[in-house]
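Novice: Structure for this input, please:
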Amino acid sequence: MINQAEAKGFKRYGKAILLAAITLIIALGIVSANVFADFSAQYDVEIIVDGVSSTVSTNQTQAVEVLEQANITVDDSDKLDVSGFNAGEGGVIILDKQHDVNIEFDKTINTYKVYADTVGDALGEIGLSVADMDKINYALTDTVVDGMVISIQTSKSVSITVDGETYKYALYQGTVQDLVKLAKIELGAEDYTEPALTDALEAGMEVTVYRVTYKEETVSEKVSYGTVKQDDDTMYKGTSKVYASGEYGEDEVTYKVKYVNGEAAGKTELSRKNITAPVDEIVYVGTKPYEGRADISSNGVESYNGISLGQVISGRYTHYCACAACCGSNSGNTASGIHVQNGMDDPYYVACNWLPLGSVISVDGTIYTVVDRGGSGLSSVGRIDIYTPAGHAECYRLGTGGCTIEIVRLGW
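Specialist: Numbers count the residues shown, from 1 in each chain. Now for the predicted structure:
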């Protein structure tokens, strides 16, 4: 029999036990719900690293967190493609690691950074072409490994010369621009190549890079002097004399000089400053008329057998006429074909062997033309025989003597 006190205590403790049981049931329900919720949030994501695929189940919502869950690190130089990833749904995360690949060609090794997964793709990314006859130490389908050395042996190649060095490459397809890119050559604004960048590559082609630079240079330059001519009626026509020599002036000139591969290839004047003014040359020009011939025209001949136009020679003269005693016959025919005869007006002719026929000379200020030849005695420079139309007696009267001869014209 339960007394009143016991009944009251049972009721009190029963309520407490019942409340505790209800609380436990609710707690277990919440835990089960969370566990179920976590399980239901899991989804699959495909991760492809350098062409190798794997799948991870995750409830992460960020691609980087998914990669961290899969123990995959992402470097700054890596390429990460999350365009196919959908948070909470799945998809694909693609990660391409950057690798250092060494290419050995013509006993030279160059290092390139690539993202390709296979050797063939790496060569394509670099820009190298491999022909069927080429020898390579890897299959094109082999996986790229960081630091690997790919050796290529080929009979086809192109070369490029830049900054004094020449490099060979197994690239013989594409354009010169592709070769420049492959060689990692930076071209300046005015640098150029031969052949041109747009030209197609051919096996054996030799490409040269021309570097264009500019430099300002200041130099001293001579300034030419002029010539001032002054008439002098005491000198014969056709003669001249330098009265005062000219003097060069000096300019300080600054140029912008263009250099192509270190060689000067043109310049542009930037400024000019006169340091010393030039002094003109002063020349006296004769105006006094010659006696005798006045129809003297230049033929442009400057010298003949060591004799120069304008040369002054110390000579010796004799006289002859058109008689048989002087000429061997009285035909009057000269070596030039000009006919002479005694009694004619003085034609101012001479005979000599050391000047071409048609030459004009001044003998002590009188103009004569060479129209005839003579004996061996007339072969010496300065030796002349003057024609005298007044006859043999006049020849004896005029006699022989010394004279000054100036060369006015050489030949007709």
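
Novice: For stretch 169-183, what is the spacing between the initial and final residues?
Specialist: Using CA to CA, to the nearest Å, one end of stretch 169-183 lies 8 Å from the other.

Novice: Contacts for that stretch next, please.
Specialist: 105, 126-131, 134, 152, 154, 156-160, 162, 167, 187, 193, 195-203, 205, 207, 209 (CB atoms under 8 Å, 6 or more residues apart in numbering). (Each C-beta comes from the backbone N, C-alpha and C, glycine too.)

Novice: and residue 341, what does it touch?
Specialist: Counted by CB under 8 Å, 6+ apart, residue 341 has contacts 322, 332, 389.

Novice: which of these are buried?
Specialist: 322, 389 (16 or more other CB atoms under 10 Å).

Novice: wait, residue 260 sits on residue 210?
Specialist: Yes - Residue 260 is within contact range of residue 210, at 5.2 Å (criterion: CB atoms under 8 Å).

Novice: how close does the closest residue to residue 82 other than its chain neighbours sit to residue 370?
Specialist: Residue nearest to residue 82 in three dimensions, not counting chain neighbours: residue 63, with 4.4 Å by CB to CB, 6 or more residues apart in numbering. Separation of residue 63 from residue 370 (CB to CB, to the nearest Å): 109 Å.

Novice: Check residue 273 too.
Specialist: 54 Å.

Novice: So which of those two has more stuff around it?
Specialist: In this view residue 273 and residue 370 are compared by other CB atoms under 10 Å, and residue 370 has more residues nearby, 26 against 10.

Novice: How much space separates the more buried one from residue 386?
Specialist: Taken as CB to CB, the span from residue 370 to residue 386 is 11 Å.

Novice: SS state for the nearest residue to residue 344 once chain neighbours are set aside?
Specialist: Closest residue to residue 344 apart from its sequence neighbours, by CB to CB, 6+ apart: residue 389 at 4.7 Å. Following DSSP: H, G, I helix; E, B strand; the rest coil, residue 389 is assigned to coil.

Novice: low pLDDT regions in the protein?
Specialist: Across the chain, the ranges flagged by pLDDT under 70 are 1-40, 106, 131-133, 155, 172, 236-239, 289-295.

Novice: let's see it at 80
Specialist: Where the chain drops to pLDDT under 80, the residues are 1-40, 105-107, 127, 129-134, 153-156, 171-173, 235-240, 286, 288-298.

Novice: Next, the buried residues of the lengthiest strand in it.
Specialist: With secondary structure taken from DSSP state E, the chain has its longest strand at strand 263-276. Buried positions in strand 263-276, judged by neighbour count with 16+ other CB under 10 Å: residue 267.

Novice: Tell me which other helices or strands it touches.
Specialist: Here strand 263-276 touches strand 212-223, strand 249-260, going by 3 or more CB pairs under 8 Å, 6 or more residues apart in numbering; DSSP states H and E.

Novice: The contacts of stretch 169-183, buried ones only, as a ChimeraX selection?
Specialist: Entered in ChimeraX, the line below selects the buried ones among those, by 16+ other CB under 10 Å:
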select :105,126,127,128,129,130,152,154,156,157,158,160,162,167,187,193,201,205,207,209
